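Asker: Fold the following for me, if possible:
(one chain, ligands or ions: 1)
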Amino acid sequence: MENPRECALDVLIKVDKKEELSHIAISNVLEKYQFSEKRDRAFFTRLVEGTLERQITIDYVADQFSKTKIRKCKPLIRALLRMGIYQILYMDQVPDSAACNEAVKLAKKRGFSRLSGFVNGVLRNISRKKETISYPKKDKNLVTYLSVTYSIPEWIIKFFMKTYDDETVEKIIESYLEDKKTTLCCLMSKGGKDVIRKELEEENVTVEDGELIENAVKISDYDFLYRLRAFREGKCYVQDESSMLCAKLAGAKEGQFVMDLCSAPGGKSLYTADQIKGSGQVLSRDLTEYKTDLIEDNIERMGFTNMEAEVFDATILDEEHIEAADVVIADVPCSGLGIMGKKNDIKYHISEDGMKDLVKLQREILTNAVQYVKHGGTLIYSTCTINPEENEKNMQWIINNFDYEAVDITEELPKNLKIETAKDGYIQLLPGVHPCDGFFIAKLRRK
Ligand SMILES: C[S@@+](CC[C@H](N)C(=O)[O-])C[C@H]1O[C@@H](n2cnc3c(N)ncnc32)[C@H](O)[C@@H]1O
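Answerer: Below is the predicted model:
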């Protein structure tokens, strides 16, 4: 990686123009430069992720120091300013002079010599006055304060406030900014947590126990997952504990047939295939070949023989599988408000209209999903969002329109997870409140 700042600049421009999602753009660069210095790779990743994560705060600051509003700047200049401000405000180890000089050099290198003085002026001014920048006051306008402080669009904050009190909303959005460790699911069939933990520690990875699921670990101090032997050899894979809990609640038993309708990259299917110990069959579907390739990569890495990937559009009824499955998992496409801390694009892409369209799509998928379950079998409906319309209302819609009843899951939850609604068959996990992503899980039984 010759110049991590230039790589970051390119990714930020692409993401700003909505040409690519940030996690894909970042992982493409990291893959291209997988043998570059660990320090450069880490700097690049932090700069892109941090700039996107703090974009609303950064734009608020930029607009105080520039006559031209940041939204009106040319994309390259906007990206340069944003990443320059991020370094000045949030990267203590980077001298402000380096952040300014490098931004000026990049402006000139990319044909914007005339604007390099503007970039220099704005960044140096912010650097000089950073201790006295004025931010919105909590007691004057709570929504604007929360939006600028935690870099979350105002409409999302107002949307959360319809369901939760102000304090809970602040806890949720504050959690999106917390440092995230990578959570791994350790496969029981590959030795389980203790064996895998030892292997990871031998490679100097810092490993902590998960908080909800017995075979979960949280890791830090590593560079590239594929460099870790346990990961390469398919003994573990990345999965948040909320998703592990979802697959665990599906409760598949040895020998059973499980359909996972929207399954890429295959997390819940992998958990299930491991749980049924090589017996039975897990059919993992997704919409495109690109997606099922991701599932296939995982199947190959884990060496599972009881799991199969297939391209199948879940909105189309598959007559051949009516009443065929003991367990159906419908982990549907959703607005993703529960994982905004991990996927920075979500907060800039999703809209209230978009969420309404998603409810329609979810119901189309569910109309088919309910038909694949055997009588007495289980349907898991889940999303990684915090939106009653996509979650509780859809669950109720299933119960009102099909021959399903909610299953009391109180006893199936981890001991340290007490959620009142579990007796009614569902839980809404909230980041900042529960030790995992924001996630909704409903368990239903076909009568
Ligand atoms: C929440 S993600 C699934 C995550 C996955 N269950 C896991 O645990 O790794 C939703 C998935 O739905 C897929 N999807 C979207 N529309 C679909 C459709 N009409 N049919 C099947 N899959 C669809 C997306 O490609 C995406 O991979």
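Asker: CA-only coordinates of stretch 187-207 in CSV, if you can.
Answerer: Extracted in CSV, the C-alpha atoms of stretch 187-207 (Å, rounded to 0.1, in the frame of the first residue of the first chain):
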residue,chain,number,x,y,z
LEU,A,187,-17.6,-24.9,15.9
MET,A,188,-18.4,-27.7,18.3
SER,A,189,-17.5,-30.3,15.6
LYS,A,190,-14.0,-28.7,15.3
GLY,A,191,-13.1,-29.0,18.9
GLY,A,192,-15.2,-26.3,20.4
LYS,A,193,-14.3,-23.1,22.2
ASP,A,194,-11.4,-24.2,24.4
VAL,A,195,-9.4,-25.9,21.7
ILE,A,196,-10.0,-23.0,19.2
ARG,A,197,-9.2,-20.4,21.9
LYS,A,198,-5.9,-22.0,22.6
GLU,A,199,-5.0,-22.0,18.9
LEU,A,200,-5.9,-18.3,18.5
GLU,A,201,-3.9,-17.4,21.6
GLU,A,202,-0.9,-19.2,20.2
GLU,A,203,-1.0,-16.7,17.4
ASN,A,204,-1.0,-13.9,19.9
VAL,A,205,-4.6,-13.0,19.4
THR,A,206,-6.4,-11.5,22.4
VAL,A,207,-9.4,-13.7,23.1
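Asker: Which residues of the stretch 101-250 of the chain lie near the ligand?
Answerer: Contacts of the stretch 101-250 of the chain with the ligand, taken as C-beta under 6 Å from any ligand atom, map to residue 243. Using the backbone N, CA and C atoms, a C-beta is placed for each residue, glycine as well.
Asker: can you give me the strands in the stretch 101-250 of the chain?
Answerer: 182-186, 206-209, 216-220, 236-238 (DSSP state E, counting those that start in this stretch).
Asker: how about these, which one is nearest residue 98?
Answerer: Closest to residue 98 of the strands of the stretch 101-250 of the chain, according to C-beta to C-beta: strand 216-220, at 26.3 Å.
Asker: rewinding a little: which of the strands of the stretch 101-250 of the chain sits most buried?
Answerer: strand 182-186 (a mean of 24; mean count of other C-beta atoms under 10 Å).
Asker: For it, give me every contacting residue.
Answerer: Identification of contacts with strand 182-186 by C-beta atoms under 8 Å, 6 or more residues apart in numbering yields 192-193, 195-197, 210, 213, 215-220, 222, 225, 231, 235-241, 244, 267, 270-271.
Asker: Buried only: go through those residues for me.
Answerer: For these, a burial check counting by 16 or more other C-beta atoms under 10 Å picks out 193, 196-197, 210, 213, 215-219, 222, 231, 235-237, 239-241, 244, 267, 270-271.
Asker: got a list of contacts for stretch 102-113?
Answerer: 5-6, 9, 74, 76-77, 80-81, 83-84, 115-116, 119-120, 123.
Asker: Go through it and flag the buried ones.
Answerer: Buried, per 16+ other C-beta under 10 Å, within stretch 102-113: 102-104, 106-107, 110, 112.
Asker: Now tabulate the residues you listed in a markdown table and tack on pLDDT and distance to residue 414.
Answerer: Compiled in a markdown table, those are given as follows (pLDDT from 0 to 100; distance: C-beta to C-beta, whole Å):
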| residue | pLDDT | distance to residue 414 |
| --- | --- | --- |
| 102 | 97 | 47 |
| 103 | 97 | 47 |
| 104 | 97 | 53 |
| 106 | 97 | 48 |
| 107 | 97 | 52 |
| 110 | 95 | 51 |
| 112 | 94 | 54 |
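Asker: Between those residues, which sits nearest residue 433?
Answerer: residue 103 (38.9 Å).
Asker: can you list contacts of the helix ranked longest in the chain?
Answerer: The residue-count maximum for a helix in the chain (DSSP state H) belongs to helix 352-372. With C-beta under 8 Å, 6+ apart as the test, helix 352-372 has contacts from 155, 159, 259, 261-262, 314-318, 321-325, 328, 330, 332-335, 379, 381, 383, 387, 389-390, 393-394, 397-398, 402, 404, 446.
Asker: Apply 6 Å and report the result again.
Answerer: The contact list for helix 352-372 (C-beta atoms under 6 Å, 6 or more residues apart in numbering) reads 259, 261, 314-315, 317, 321-322, 324-325, 328, 330, 332, 334-335, 387, 389-390, 394, 398, 402.
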